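Trainee: I'd like to go over a predicted model; first the sequence, then the structure.
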Amino acid sequence: YKNPHYAAGRSTMVHLFEWKWDDIAAECERFLGPRGFGGIQISPPNENLVIWSRNRPWWERYQPISYRLITRSGNENQFANMVRRCNNAGVRIYVDAIINHMTGTWNENVGTGGSTANFGDWHFPGVPYGRNDFNWPHCVISGNDYNCCADRVRNCELSGLKDLNQGSEYVREQIVNFMNHLISLGVAGFRIDAAKHMWPGDLSVIYSRLHNLNTAHGFPSGARPYIFQEVIDLGGEAISRNEYIALAAVTEFRFGLELSRAFSQQNQLRWLSNWGPQWGLLASGDSLTFIDNHDNQRGHGAGGNILTYKRSKQYKGAIAFMLAHPYGQPQLMSSYDFHDTEAGPPMDHNGNIVSPSINSDNSCGNGWICEHRWRQIAGMVGFRNVAGNTGVNDWWDNGSNQIAFCRGGQAFIAFNNDNWGLSQTLQTCLPAGRYCDIISGEKINNACTGKTITVGNDGRAHISIGSNEYDMVLAIHRGTQS
Ligand SMILES: O=C(/C=C/c1ccc(O)c(O)c1)N[C@@H](Cc1ccc(O)cc1)C(=O)NCCCOc1c(-c2ccc(O)c(O)c2)oc2cc(O)cc(O)c2c1=O
Ligand SMILES: [Ca+2]
């Protein structure tokens, strides 16, 4: 459950938060496939409660009302088309699975596919679920429960959401059927939302009943789904992420927290020379890594000061480090522009999601940020692919916020987050020649639109990054030799 089953030579996933299925399919063919992206986390595909009283907030998609594949992103047919077209382009699909709970306590009671529910009777005919399928006696998780009472965190309600009993054979059957249907359509795995709120023993049974991935979509026979469990664990709670590591991969929230601190100058970059488990992070193979995600980019979840697209120079620096370093399975966040923490995706007056427009410079419009399309970020996706399974070598730093390192003999990167210029002759570990810097530009028709780096026979080159340049990174690799 810890192998993403990316197509050969690919290594990075992007969370296309709130994108519609038709738009994702197009993005796979026109951008993600050609640029070497490995996969996509999609928003929950199952029917959710429509919450107009809060003007369609982003978290309404985390309020399941049934497992029917009908949401504002599209219907089952559009979903199946998206998975087929993306797999054909070499890009895998991972589904955000909300299996801890059903929707809870709102005055609305109609779903995105027209299903209704009667919360007072615990009645969800769209599945169907009834009173016996939810934990009893009724209780609600309080803040202190996270510290004292692991059983209450699992068996009580999160924010008033009806808490399913995954120990019930009937509930397990509904969840497993939902997930196996998605596997039959060609998905490569799942994000398990709110995993901390479910018993590891129950999750283990559910995972064991999932089918192997569908070989008709290019997966090897016997391939198990890639599963990454959302467990927010910054230490000190009654529940530890180690209980979940035994089952599948886990989201490593400390990763984004520490790199956000480092790249916003709250910690010196020099200390990243031993980045990885020595920082208290999970073992690399267990770790789904990210800088920001849909939840904490809005300021809650795993607290702290997380970098987002809103502080773009530091954000690009942190993203570049995430993609340049071999640790973990990285996930990029792709956002829409939000001005308040509740706002859902750009929508028309009928509540339909507005598609991103693609500008001539490859950026997005219509309120979509498309961080994954930023030249510096898309370029680093290629860097990570070229670096492959090499390690970190030839680390250099200036004792402060200027660092550089190689990935085997495949790639070289340098960072300057000091308030003065970096101007050094450094070992790039690359063969002699001229290389295009993929941060300040790209290689087009064998010419560099940004900086050109000349590497000598000794592998050394003069590296220069001014402290007031647009970006704080310089990156070259074997694929950018001009
Ligand atoms: O802000 C939100 C939604 C947040 C959210 C949604 C999806 C996630 O994956 C997530 O991590 C957080 N929800 C809003 C609004 C809301 C939603 C439902 C509800 O019944 C009441 C209010 C909110 O203010 N929620 C209370 C604080 C956030 O507490 C939530 C967490 C959560 C946050 C921090 C933790 O350490 C943790 O273990 C769990 O996970 C969810 C998962 C869901 O599937 C649906 C949810 O409603 C929530 C969720 O409310
Ligand atoms: Ca639960």
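Mentor: Yes, it's here. Ligands and ions are numbered 1, 2, ... in the order given.

Trainee: tell me which residues of the biggest helix by length in the chain are tucked away?
Mentor: Secondary structure of the chain per DSSP state H: the longest helix is helix 169-184. Under the neighbour-count criterion of 16 or more other CB atoms under 10 Å, helix 169-184 has 171, 172, 174, 175, 176, 178, 179, 182, 183 buried. Yep, even glycine has a C-beta here, placed from its N, CA and C like the rest.

Trainee: excluding its backbone neighbours, what's nearest the second one?
Mentor: In space, and not counting its chain neighbours, residue 172 is closest to residue 206: 5.9 Å by CB to CB, 6 or more residues apart in numbering.

Trainee: Which helix or strand contains the one you found?
Mentor: For residue 206, the element it lies in under DSSP states H and E is helix 200-208.

Trainee: now the helix or strand just after that helix: how far from the chain's centre is it?
Mentor: Reading on from helix 200-208 to the C-terminus, the next helix or strand found by DSSP H and E is strand 226-229. Here strand 226-229 is found 11 Å from its chain centre; the criterion is CA atoms, centre = their mean, to the nearest Å.

Trainee: same for the longest helix of the chain, what does it pack against?
Mentor: strand 92-97, helix 200-208 (3 or more CB pairs under 8 Å, 6 or more residues apart in numbering; DSSP states H and E).

Trainee: just to revisit the earlier point, same list (the buried residues of helix 169-184) but as JSON lines, adding distance to residue 89 and pLDDT.
Mentor: Output for the buried residues of helix 169-184, formatted as JSON lines (distance: CB to CB, whole Å; pLDDT from 0 to 100):
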{"residue": "171", "distance to residue 89": "36", "pLDDT": "99"}
{"residue": "172", "distance to residue 89": "34", "pLDDT": "99"}
{"residue": "174", "distance to residue 89": "32", "pLDDT": "99"}
{"residue": "175", "distance to residue 89": "30", "pLDDT": "99"}
{"residue": "176", "distance to residue 89": "29", "pLDDT": "99"}
{"residue": "178", "distance to residue 89": "26", "pLDDT": "99"}
{"residue": "179", "distance to residue 89": "24", "pLDDT": "99"}
{"residue": "182", "distance to residue 89": "19", "pLDDT": "99"}
{"residue": "183", "distance to residue 89": "19", "pLDDT": "99"}
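
Trainee: Include distance to ligand 1 when you put these into JSON lines, please.
Mentor: Shown next, in JSON lines, are those (distance: CB to the nearest ligand atom, whole Å):
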{"residue": "171", "distance to ligand 1": "16"}
{"residue": "172", "distance to ligand 1": "19"}
{"residue": "174", "distance to ligand 1": "17"}
{"residue": "175", "distance to ligand 1": "14"}
{"residue": "176", "distance to ligand 1": "19"}
{"residue": "178", "distance to ligand 1": "15"}
{"residue": "179", "distance to ligand 1": "16"}
{"residue": "182", "distance to ligand 1": "17"}
{"residue": "183", "distance to ligand 1": "21"}
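
Trainee: which SS state does residue 394 fall under?
Mentor: Under DSSP: H, G, I helix; E, B strand; the rest coil, residue 394 falls in the strand class.

Trainee: Skipping adjacent residues, who's closest to it in space?
Mentor: residue 406 is the one closest to residue 394 (CB to CB, 6+ apart), at 4.4 Å.

Trainee: swap in residue 375?
Mentor: Using CB to CB, 6+ apart, the nearest residue to residue 375 is residue 442, at 6.3 Å.

Trainee: And for residue 3?
Mentor: Spatial nearest neighbour of residue 3, excluding adjacent residues (CB to CB, 6+ apart): residue 226 at 6.0 Å.

Trainee: How many neighbouring residues does the closest residue to residue 352 other than its chain neighbours have?
Mentor: For residue 352, ignoring the flanking residues on the chain, the nearest one in space by CB to CB, 6+ apart is residue 72 at 6.9 Å. A count of neighbours around residue 72, defined by other CB atoms under 10 Å, yields 19.

Trainee: contacting residues for residue 81?
Mentor: 21, 22, 25 (CB atoms under 8 Å, 6 or more residues apart in numbering).

Trainee: With residue 45 as the reference, measure out to the first one.
Mentor: Counting by CB to CB, to the nearest Å, the gap between residue 21 and residue 45 amounts to 8 Å.

Trainee: okay, the two: which has more neighbours?
Mentor: Using other CB under 10 Å as the criterion, residue 21 and residue 45 rank with residue 45 on top: 29 against 26.

Trainee: Residue 182 is in contact with the more buried one, correct?
Mentor: Yes: contact criterion CB atoms under 8 Å: residue 45 and residue 182 qualify, at 7.4 Å.

Trainee: what residues are shared contacts of these two?
Mentor: Common neighbours of residue 45 and residue 182 are listed as residue 95 (criterion: CB under 8 Å, 6+ apart).

Trainee: wait, does the longest helix of the chain contact ligand 2?
Mentor: No: figure legend: helix 169-184 not in contact with ligand 2 (CB under 5 Å from the ion); closest approach 10.8 Å.

Trainee: And for residue 447, the neighbour number?
Mentor: 11.

Trainee: Contact residues of the stretch 101-250 of the chain facing ligand 2?
Mentor: 163, 197.

Trainee: same thing but 6 Å
Mentor: 154, 163, 197, 198 (CB under 6 Å from the ion).
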